[in-house]
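# mind looking at a prediction? Sequence and model below.
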Amino acid sequence: MALSKMWEATSTFFTAIDENPELETSTLPSMDVAEGAGSIHEVVGYASYKDGDTKFVETRFKRGEKAVMMPAEVETILGADSIQSIAESFDAMVGVGKDVVRIATAASSMEVDAFVERKKTSNQPSGYTEEDEKMPFISGLSLEDAVTTGLVEGIEEIDDEDDWDYEPSEDELTLASIRASEAAIRLADELIDDSNPLKAASIEALESTAVGEGSVSMSPHRLCRYSNTQQKEEVMEAVFGAHTDTTFVTLIPAASVSGLEVYDEDAAVWFRPELMARKHWEAERRERGEDPSALTETIQIAAGDDETEEVVIPWHARYLIVMPGELLQLTSRNEIPAAVHRVVAAREGQSRLSAPVLLRARTGIKMNVERYFGNLDVAGPLLMECQGIPMEDLHDAMQPSSMQKQ
């Protein structure tokens, strides 16, 4: 339901611009660093490219104040109720994103026994190999064009019996998995910017590292419209070129008009998640004996006092695309590469709305590898390079050179 209301607000925004073009120049501000930002990358504002075929507004919420969206001029166009709907969709998507990051990070730590306490022998590997010296480090995770991921191979696995005094017991492995999960929860709560203030317990534990966060969320909720006014019959032009995101994950509600493409490196092909969502919808409808061509569905929602009401929502409002970003590639120890993706133009003059949330890191926190990833001996060179570095600096290092701080 949250995504359905968000789609209504997004459609209302661009319809208002179409009906009142002067809003683009007289009301909406151009892209600029937000007031109260803790980073130069916390930008808000409106932009229009390619003769108006690509339009988007970069929005962010004030930290701890979901009713306050920046730029404030968006509320002038949409009204408070629509801003609340967007805030609810933001929270819903962020919740999914944090769960994905937490699970992936914990699983990768368990895979290398990062939280198993073992006695080492003299020939235990340090986690570094000669091959590691040739690896590109953190700045190599940014992809400006259609290049493949997998820039950094995983660290060499540690042999079992030859390199340890003993194998851990079942109880020790269980305890290690609990510790890995707890560390991943800390990472999700402390490093991911969900637009909420850092919890008091985390501030105390992190001591002086939680500084300079700013009053604006690092994670934007971007409202976009991609059009094709040329009405070409055969369109494969990328209106937003191939790239990866400097995010933990990028959360994209499936749109009614397909346009997002994600590169499958194994098959060497581009695939469209939104078409996959539509096929799933149609197959499910057929199984129920319902019309597969339907564009909406009726659901029951709570209406108070144990009552419900029927609400009609668009078919695509039930689907959310979760794409791994460069930060998840880092925290998963390169197990989950950042997704290379692009947006291609719609056909025959159609417009495609999009409303992604880019789940980024809090700027004021320093990377504490041992706190989030356990045993430093198996952390690997990529994580160790990040030790003690503020997340803002890591974000900056992953940007194309043209977008880095000078």
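Good, I have the coordinates.

# which elements pack onto the worst-scoring helix or strand of the chain on mean pLDDT?
Lowest on mean pLDDT, DSSP states H and E among the helices and strands of the chain sits helix 200-206, with a mean of 72. Counting contacts by 3 or more C-beta pairs under 8 Å, 6 or more residues apart in numbering; DSSP states H and E, helix 200-206 packs against helix 170-191. No exception for glycine: its C-beta is placed from N, CA and C like everyone else's.

# just for the stretch 201-350 of the chain, where's the confidence low?
204-205, 207-212, 230-236, 348-349 (pLDDT under 70).

# ranges for the helices of it?
According to DSSP state H, counting those that start in this stretch, the stretch 201-350 of the chain carries its helices in the segments 273-287, 326-331.

# hang on, Ser215 packs against Gly36?
Yes. Assessed by C-beta atoms under 8 Å, Ser215 is found in contact with Gly36 at 3.8 Å.

# who touches both of the two?
Any residue near both Ser215 and Gly36 by C-beta atoms under 8 Å, 6 or more residues apart in numbering counts here, and that gives Lys62.

# who's more crowded, these two?
Neighbour totals were compared for Ser215 and Gly36, and Ser215 leads with 17 against 12 (other C-beta atoms under 10 Å).

# mind listing what the more buried one touches?
Contacts for Ser215 (C-beta under 8 Å, 6+ apart) come out as 36-38, 62-63.

# would you mark the buried spots in stretch 389-396?
Within stretch 389-396, the residues scored as buried using 16 or more other C-beta atoms under 10 Å are 390-396.

# once you drop chain neighbours, what's closest to Leu275?
Once flanking residues are discounted, Leu275 sits nearest to Ser258: 5.0 Å by C-beta to C-beta, 6 or more residues apart in numbering.

# can you get me a residue count around the one you found?
20.

# again with Ser332
22.

# re the thing from before, so the residue nearest to Leu275 sits against Lys279, correct?
No. The pair Ser258 / Lys279 is not scored as a contact, 10.8 Å apart, by C-beta under 8 Å.

# what segments of the stretch 251-400 of the chain are strands?
Secondary structure of the stretch 251-400 of the chain by DSSP state E, counting those that start in this stretch: the strands cover 260-264, 269-271, 296-304, 307-314, 320-324, 341-344, 351-354, 357-359.

# longest helix of this structure?
The longest helix of the chain (DSSP state H) is helix 80-111.

# next, the angle from that one to strand 320-324.
50 degrees (axes from the mean of the first three to the mean of the last three C-alpha atoms, to 10 degrees).

# buried ones in helix 80-111?
82-94, 97-98, 100-102, 104-110.

# again with stretch 336-343
Here stretch 336-343 shows 336-343 as buried, counting by 16+ other C-beta under 10 Å.

# and those residues, which is closest to Ile77?
Comparing the buried residues of stretch 336-343 against Ile77 with C-beta to C-beta places Val343 closest, at 23.7 Å.
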